[in-house]
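[1] Quick one, what's the 3D model for this:
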Amino acid sequence: MSYFEKLDPEMDEYLENHGSKEPEILAKLRKETYQKILNPHMLSGYQQGRLLTILSKIIAPKNILEIGTFTGYATLCLAEGLAADGKIITLDVNEDIAYLPQKYFEESSYSSQIDFKIGNALDFVRKNKEIFDLVFIDADKENYVEYFNLLKPNIKSGGVLLFDNVLWYGKVLEENPDLESTRNIKELNAMIANDTDFENVILPLRDGLSIVRKR
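    Residues are numbered from 1 along each chain as shown. Okay, here's the model as predicted:
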């Protein structure tokens, strides 16, 4: 459980009951993830998922990049806002559970718009020439700073980068953290805040979501 998931369960239930209903395919995927997958809490879940959908619908992106597919919940949430001729590239290294997101991608109405790749995301980003309207990064935390530096020229003006887990179980409050992962996330947060090409806000949703817009 993350630092910011320690809400009163009743309040958590209230928030879910008073937000837009989760599509049936996502409810099924969430249930199967918790039944079959190790560390199911890594799934974006209802609240973050609905936020991703709303942001995607506001932006109406033609090109989305997602780093960290897991079981595909966030992928499908982001796909809800795709332009009619849009696509989402989603990357993960875990071949063992790839069957599960693939199954739900094929069942969804976005199957022709989702390009699911198994492989090293950093290698992909280094070679990438495409321009993205929306990027969601939720994996490979030790390379968050490098992803930001590499992707900056590949985000269009007005485009949005989303970084998950940027409060890192509250460890970002430590002045001299022992963990390299904590130092890396603190460096990312400081770098984004001081980059005049971008504007951002960090939402204390679950483990912290940084919403970063290119000017």
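
[2] Can you give the distance from the helix or strand of the chain with the lowest mean pLDDT to the centre of its chain?
    Ranked by mean pLDDT, DSSP states H and E, the helix or strand of the chain with the weakest confidence is helix 9-17, at a mean of 87. Mean-position distance between helix 9-17 and its chain equals 22 Å (C-alpha atoms, centre = their mean, to the nearest Å).

[3] so after it, what's the next helix or strand?
    For helix 9-17, the succeeding helix or strand toward the C-terminus, using DSSP states H and E, is helix 24-36.

[4] just for this protein, where's the confidence low?
    Applying pLDDT under 70 to the chain flags residues 1-7.

[5] ok, and for the top strand by length along it, which residues are buried?
    Taking DSSP state E as the criterion, the chain has its longest strand at strand 155-164. By 16 or more other C-beta atoms under 10 Å, the buried positions in strand 155-164 come out as 155, 159-164. (Glycine included, C-beta is placed from N, CA and C.)

[6] Could you dump the residues you listed into a markdown table and include distance to D123?
    Below are these laid out as a markdown table (distance: C-beta to C-beta, whole Å):
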| residue | distance to D123 |
| --- | --- |
| I155 | 19 |
| G159 | 22 |
| V160 | 24 |
| L161 | 19 |
| L162 | 21 |
| F163 | 20 |
| D164 | 21 |
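
[7] Which neighbouring elements make contact with the longest strand of the chain?
    helix 45-59, strand 132-137, helix 144-151, strand 209-214 (3 or more C-beta pairs under 8 Å, 6 or more residues apart in numbering; DSSP states H and E).

[8] Give me whichever of those is most buried.
    With neighbours defined as mean count of other C-beta atoms under 10 Å, those peak in mean count at strand 132-137, which reaches a mean of 24.

[9] how far off strand 209-214 does that strand point, in degrees?
    Interaxial angle, strand 132-137 versus strand 209-214 (axes from the mean of the first three to the mean of the last three C-alpha atoms, to 10 degrees): 150 degrees.

[10] Show me what the most centrally placed residue in the chain bridges to in the sheet.
    Note on the chain: the residue nearest the mean C-alpha position is F136, at 4.0 Å, using C-alpha atoms, centre = their mean. As for beta bridges, F136 partners with E66, L162 under DSSP bridges.

[11] Cool, thanks, talk later.
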